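**Student:** everything below, folded, please.
(2 chains)
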Amino acid sequence: MLCFVSQVGLAQQGVSISGFVTDAETGESLIAANVFIEDILRGASTNASGYYAIPGLSAGQYRLRCTYVGYQTMHRVVTLTDGELLRLNIALEPTTTAFDEVVVTGEQTLEDEARNLGVAALNTETVKLLPAVFEPDVFRILQLLPGVTAASDYSSGLYVRGGNPGQTNILLDRTKIYNPSHVFGFFSTFNPDAIKDVRLFKGGFPASYGGSLGSVLDVTNKDGNRRERHGGLSLGMLASRAIIEGPHPKGSYMFAVRRSTLEPLLNVLGDREGIPDRFYFYDLNAKVNLDLTQDDILTVSAYRGADLLELGILGDAELDLRYGNATFTGNWTHLFSEKLLSVFTITNARYFSTPTAVFAGTEIRQENRIYDTSIRADLQYYSGARNDWELGLWAGQFIAPLRTFFDKTQAFSWRRKIRYASVYVQDTFKPSHNWQVKAGVRASFLQEGRHYRIEPRLSVEHHPWERVRLQAAVGRYYQYLTLVTNETFSGFDFWLTSAEGVAPAYGDQFILGAKLTLAPGLTLDSEVYYRTMRDLFEPDPFLSDAAGFEYADLFLFGKGWARGFEVLLQRNQGRLFGFVAYTLGKTERTFPTINTNNEGIAAGYPPKYDRLHDVNAVVSYDLGRRWEVSAIFSYATGQALTEPTARYHLYLTDLTIGEVETAVLVSPSLNNGRLPAYHRLDVGVRKGGRFFGIADYQLSLQAINAYSRRNIWFIVYDVEEDGRIDKTVVPQIPIPLPNLSFTLTF
Amino acid sequence: MRILRLQLLAVLAIITAACDTTSSSDLEFNYVVESVLAAGQSMPPLLLSTTGDLEEEFLFESHAVSGATVSVRVTGPQEDALILYEELDEFKGGYVPVEYDKPVLPLHRYDLEILPEGTPHRITASTVVPDTFSILSTPQAELIYQGSEQLEMRLTRSDYPGRDQSYYIFVTESLDPLESNLVPIAEALFDDGEGESLEELRVNGSPIVNEDNYDVSDDGSLFLRYPWIGIYFYGANIVHINALDDNLYDFERSRAIQEGGSTFAPGEIPNPLSHVRGAHGVFASYAHVSVRLNVLQQ
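**Tutor:** From the prediction side, this is the model:
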């Protein structure tokens, strides 16, 4: 009690330290940097604006420490007088190599945000260093983390903790990206040159995030170098990238571009079957920061990307596939006081997908467009020693016309202008230096169908010993959108919403975590999760033609669950960097009419991406003289697939003349079998240096699938003319695939 | 530590659960039924067989089921009768109605019962036959392939109880299935004999097409424009327009997915939706009309 009174008394004196943490070389704000007062074991993490605040202090002298992965630790002694509200902006110096990290001391406590429950953070330098198929890709590296599964070598889709890609809400500068893929799923849209921070909330995320049943990927563009102008040029086998960033009188800017460079190769290959007439993809990322005053920062960022493929097939058929995203984010960050930070945001996301096929003069076309505009306000109030309050309001409008045409006649049309809103409040309560409770609630509303939902969230963290963190979280999550996709091809992706008769999907998540610091720079993190999925609404896969159907009748409503255990052993200090990630997981779905028995009763089945074991080992070693070698080894239980066990033939059911024989495959259940185990080794070497004294260069040579493992993607069953069933194995990347890239930075 | 213990228990639960095979719709039977009734035509035969091994050539006679007791009860405003079937001596597993020569009646219900010999197993299925429909306008008898005109016709609607619309499958049957008559897209599919055979291309079926795709006139008739993608051969063709019952609708739309497509992941092969209890296969009905068309090369 005395302690409590003392704390309140201290808080009333109004002494505080607050400010922004930035990169000393570039001026980039650093998200989730840790500011820690060693004397009283209190600290704070910087938020998405790079801001921190430690209020409720008393006058006196304090030893302050600021840490961030990849940066030198800053130590500083500050003296505070009564009533002083110290604005302390901190600039951290980067370490010389990408993976030299701060020494983790025994007092490492609440501040390490990257090890919060369900959170995985990614260094974009890692993305560019590790072996990659043709092009460095953020999603491909995320797929190596525990709890994240890859569908195949050809897919960059994120399957997080038993969820499909539609259950991960992907945000770029707080604006949703509706189709985060290029080359129809092979790569993600995120140009690693332009990205500052990648944070994946695999589950148990706080009330400040919503709209997702499973996980959130929060990606932040670079602000741009605030100290000096820099540029970069990278030439790759599939695409090339360029970036320029620098200061301007009131802040900074960043422009980045990436475009495929396959046209010369296509020209050489010429007019052959299967060679596209046209193919390209591109990304444009831009961000401008304006420091209006010491307490006001205006940020404008934009993204635009698209894919186009024109392909002639079968002599008299043409495919024209186009899809892309565009986003705009306007942020005004305003400090009302040292204790109250506000961020006002305008977002606009656009998505289009217009696949068209013309077979023998018959055009088949689908048009899906999304126009999503929203405004939001987020307030963060550092009330004192024990509580940090956050309050958010969000409202927007979602327009999503979906139309299909057959032979130039409209076959299906669905268009709604849907308004949505949500509000959240959450408190981070720290009753003592080794306990933290984060409690929040989110209320959401969707105009279409007038759906109101309440989403409570709670997480607890305890540090029983200096090097041990124990964590638990529980929460309810709602999702108003469903992604209609196919693993093989993301170019047809489209989204449908809850509506009258289509309730939002929801699920509960339960997570336990234990995080151990084994030695400086060596950590062992483990988490166990269980999550439910209810009222899943997915388009009826058996529905061949939607014309004439009521909107609600387009869907099957199902349920599912996922559970798993994850371990991450990570070394992030010194010349040897790497991690070993292991996931033991299982997930299942149940939908009516899918996997039914002869009585019509549906049984649960594992989706294709269900994997019991998933291991990824990533290692990088700095050989010195700017030589680096790296390797990735992956092993996973074979994916689920349907193994037909019998077949029968029909002779009379062709509706005409009864002479065509049709074979039908029969299996005991959907996905009753397993492919052989998946494993693959990728290796790479990178050399850096000066390029004729005008720029730094990095030359990378990599080999994907170094030992030629013939992993299977899926199996196709064909009926031969003699009536036998022929099994065709479709492989994943079957041979060693080289990758060469050259990057200049000036 | 308690939390770690809980984690280990959770791991054990996952492993234990993972040891179980997927809960499945265990196949306790392997009978296959096939009989499709066409409105206005005579009662069709019924085939009864068993499923076959995946690896071996499938011969019906090797899987025919003999000696079953087969009957169909027809009920409706114009008929209430029990139709008994008998097995053909020369066609084991093939059953035909006995002493029943009435046509299949539209909007009547047909209940199938099969009692295989020497087993208590019982197979049942039901179908309600779609209403008959007809072509109101006389369509073009001859058209130039991908010319300015397409095959157009006006149809009466085919009613079906419990539904707002009909579901159709269009099938084009070539009467001159010669290689020299292949249209370009079919020529590519034929691929000099390396691809699909002429016999496979001779009958070209559409996926299911909903009635709502077509314009409805004030008199309730449908206006249909036949797409060129339905034509694989120049020369004489017959276009069949089939209105499906619920059983055939479910069976056809789900069977087609075994060949790929939809939102199933590659390698996920669902069983067809069957309304036959105690067996695989299809017991269903449809109504249909046909029109003859001569297709000329440009």
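**Student:** my guess is A:Lys287 contacts A:Lys222. True?
**Tutor:** Yes: counting by CB atoms under 8 Å, A:Lys287 touches A:Lys222, with 6.6 Å between them. Where you see a C-beta, it was placed from the backbone N, CA and C, and this is true even at glycine.
**Student:** now for those two: what residues contact both?
**Tutor:** Counting by CB atoms under 8 Å, 6 or more residues apart in numbering or on different chains, the contacts common to A:Lys287 and A:Lys222 are A:Met254.
**Student:** need the nearest residue in space to A:Ser337, chain neighbours excluded.
**Tutor:** Among residues not flanking A:Ser337 along the chain, A:Leu85 sits closest, at 7.8 Å (CB to CB, 6 or more residues apart in numbering or on different chains).
**Student:** between A:Lys287 and A:Lys222, who's got more neighbours?
**Tutor:** Neighbours of A:Lys287 and A:Lys222, each counted by other CB atoms under 10 Å in any protein chain shown, are more numerous for A:Lys287; the result is 26 against 23.
**Student:** which element is the more buried one on?
**Tutor:** strand A:278-293 (DSSP states H and E).
**Student:** that older thread, which ones are touching the residue nearest to A:Ser337?
**Tutor:** Counted by CB under 8 Å, 6+ apart, A:Leu85 has contacts A:14-16, A:18, A:337-338.
**Student:** run the last query once more with 10 Å
**Tutor:** A:14-18, A:53, A:55, A:57, A:337-339 (CB atoms under 10 Å, 6 or more residues apart in numbering or on different chains).
**Student:** just the buried ones from the residues you listed?
**Tutor:** Among the contacts of A:Leu85, those classed as buried by 16 or more other CB atoms under 10 Å in any protein chain shown are A:14-18, A:53, A:55, A:57, A:338-339.
**Student:** can I get those residues in TSV including pLDDT?
**Tutor:** Output for the buried ones among the contacts of A:Leu85, formatted as TSV (pLDDT from 0 to 100):
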residue	pLDDT
A:Gly14	73
A:Val15	86
A:Ser16	87
A:Ile17	90
A:Ser18	90
A:Ala53	88
A:Pro55	85
A:Leu57	86
A:Glu338	85
A:Lys339	87
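**Student:** tell me the domain ranges of the chain?
**Tutor:** Just going to use chain A. Domains of chain A are assigned by automatic domain parsing as A:2-113, A:115-220.
**Student:** my bad, the chain I had in mind was chain B
**Tutor:** B:31-128, B:142-273+B:286-296.
**Student:** now the end-to-end length of the longest one.
**Tutor:** I take that to be domain B:142-273+B:286-296. Taking CA to CA, to the nearest Å as the measure, domain B:142-273+B:286-296 stretches 7 Å from start to finish.
**Student:** what of the first one?
**Tutor:** By CA to CA, the extent of domain B:31-128 from end to end equals 23 Å.
**Student:** now that domain: average pLDDT?
**Tutor:** Averaging pLDDT along domain B:31-128 gives 94.
**Student:** is that domain positioned near chain A?
**Tutor:** Yes: against chain A, domain B:31-128 shows contacts by CB under 10 Å from any CB of the partner chain at B:31-36, B:38, B:44-47, B:49-60, B:63, B:94, B:123.
**Student:** next up, the contacts around residue 281.
**Tutor:** Using chain A. A:181-184, A:186-187, A:189, A:238-239, A:258-260, A:262, A:305-309, A:323-324.
**Student:** that's the wrong chain, I wanted chain B
**Tutor:** A:648-650, A:653, A:664, B:31-35, B:46-49, B:51, B:123, B:125, B:251, B:272, B:274-275.
**Student:** let's go with 8 Å and repeat that
**Tutor:** Counted by CB under 8 Å, 6+ apart, B:Gly281 has contacts A:648, A:650, B:31-34, B:274.
**Student:** can you pull the pLDDT of it?
**Tutor:** Predicted confidence (pLDDT) for B:Gly281: 93.
**Student:** now do the SS call for the closest residue to it other than its chain neighbours.
**Tutor:** What sits nearest to B:Gly281 in space, not counting adjacent residues and going by CB to CB, 6+ apart, is B:Val33, at 4.0 Å. Classification of B:Val33 using DSSP: H, G, I helix; E, B strand; the rest coil returns strand.
**Student:** surely B:Val33 touches B:Val276?
**Tutor:** Yes: counting by CB under 8 Å, B:Val33 touches B:Val276, with 5.2 Å between them.
**Student:** need the overlap of contacts for these two.
**Tutor:** Residues touching both B:Val33 and B:Val276 (CB under 8 Å, 6+ apart) are B:112, B:123, B:125, B:282-283.
**Student:** can I get these in JSON lines including neighbour count and secondary structure?
**Tutor:** Output for the shared contacts of B:Val33 and B:Val276, formatted as JSON lines (neighbours: other CB atoms under 10 Å in any protein chain shown; DSSP: H, G, I helix; E, B strand; the rest coil):
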{"residue": "B:Leu112", "neighbour count": "23", "secondary structure": "strand"}
{"residue": "B:Ile123", "neighbour count": "24", "secondary structure": "strand"}
{"residue": "B:Ala125", "neighbour count": "23", "secondary structure": "strand"}
{"residue": "B:Val282", "neighbour count": "27", "secondary structure": "strand"}
{"residue": "B:Phe283", "neighbour count": "29", "secondary structure": "strand"}
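**Student:** what comes up buried for the strand holding A:Lys287?
**Tutor:** A:279-291.
**Student:** same check on stretch B:211-231?
**Tutor:** Those would be B:211-214, B:221-222, B:224, B:226-231, for stretch B:211-231 by 16+ other CB under 10 Å.
**Student:** quick one: is that stretch near chain A?
**Tutor:** Yes: residues of stretch B:211-231 contacting chain A under CB under 8 Å from any CB of the partner chain: B:211-213, B:225, B:227-229, B:231.
**Student:** contact residues of the stretch 201-350 of chain A facing chain B?
**Tutor:** A:313-317.
**Student:** among the residues you listed, which pair sits farthest apart?
**Tutor:** Spatially, the most separated pair among those is A:Ile313 and A:Asp316, at 9.0 Å (CB to CB).
**Student:** neighbour count for these two, which is higher?
**Tutor:** With neighbours defined as other CB under 10 Å, A:Ile313 and A:Asp316 compare such that A:Asp316 has more, 19 against 14.
**Student:** go ahead and confirm that one touches A:Thr362.
**Tutor:** No: look at A:Asp316 against A:Thr362 with CB under 8 Å: they stay out of range, at 10.1 Å.
**Student:** chain neighbours aside, what residue packs nearest to A:Leu292?
**Tutor:** A:Leu298 (5.7 Å).
**Student:** again, but for A:Gly185
**Tutor:** A:Ser490 (3.7 Å).
**Student:** equivalent analysis for A:Val343, please.
**Tutor:** In space, A:Val343 is closest to A:Asp378, 4.7 Å off (CB to CB, 6+ apart).
**Student:** hmm, back to that, mutual contacts of A:Ile313 and A:Asp316, please.
**Tutor:** With CB under 8 Å, 6+ apart, A:Ile313 and A:Asp316 have common neighbours B:Ala188.
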